[in-house]
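>>> Please find the sequence and the predicted model below.
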Amino acid sequence: MKLNIFTEKNKDTIWNLLTLSFYLLLIWALVHAGLTYGIKNIFVNNLIKCITSPNEYYKAVVFIRNGGALTDFSPQVSLLKADEEFDNNHIGNVFIGYGNQFIDIYWENNTTLVVVHNCSANDIIMQEDEINDIKIIYKVRS
């Protein structure tokens with residue numbers, strides 16, 4: 001007697017198992033590629049402005065973080081020590097917005113940084129009022 005597993009009844013089940021196996025293999029490959037090459041490497045920080053505080057102890061960096069076609073632009077501001085390097089892995093520690101590309105900064109004095117943006121309240125992801133004894137003032141451009 002010959003055993004035939006490819007009966008009409010089993011064809012749908014076999015097809016479903018093959019499809020499921022394909023998708024599991026695809027997911028494994030994507031996760032493996034992400035872990036191997038680093039998911040964070042898909043983001044690009046486009047430097048807009050970098051200005052040093054009047055006493056030259058800190059520097060404020062304005063950049064637009066872009067994650068490609070799957071995300072919108074994110075205007076961000078970071079406060080760093082003057083000798084600290086800014087790179088593509090930085091994420092804003094002063095301000096993070098979403099959905100537009102306008103952002104500006106200026107130092108009012110040694111201890112006050114002014115951030116000018118046009119993000120709506122719903123598009124502000126993070127906004128610090130003080131970092132390392134530096135007061136942050138926000139102005140919304142209309």
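Everything's here; your move.
>>> how about A82, what does it touch?
For A82, the contacting residues are T52, S53, E56, Y57, Y58, K59, by CB atoms under 8 Å, 6 or more residues apart in numbering. (C-beta placed from N, C-alpha, C; glycine too.)
>>> Which helix or strand contains L26?
Assigned by DSSP states H and E, L26 falls within helix 8-37.
>>> So which elements touch that helix?
Judged by 3 or more CB pairs under 8 Å, 6 or more residues apart in numbering; DSSP states H and E, helix 8-37 has no packing partners among the helices and strands.
>>> Which element is encountered next along the chain beyond it?
Counting by DSSP H and E, what follows helix 8-37 is strand 44-52.
>>> What distance do you get for A29 to G68?
19 Å (CB to CB, to the nearest Å).
>>> okay, and for this protein, where does confidence drop off?
1-11, 33-41, 69-70 (pLDDT under 70).
>>> how is it carved up into domains?
Following automatic domain parsing, one finds the domains of the chain at 1-37, 41-140.
>>> now, of those domains, which is deepest in the fold?
Mean neighbour count, computed with mean count of other CB atoms under 10 Å, is highest for domain 41-140 among these, reaching a mean of 16.
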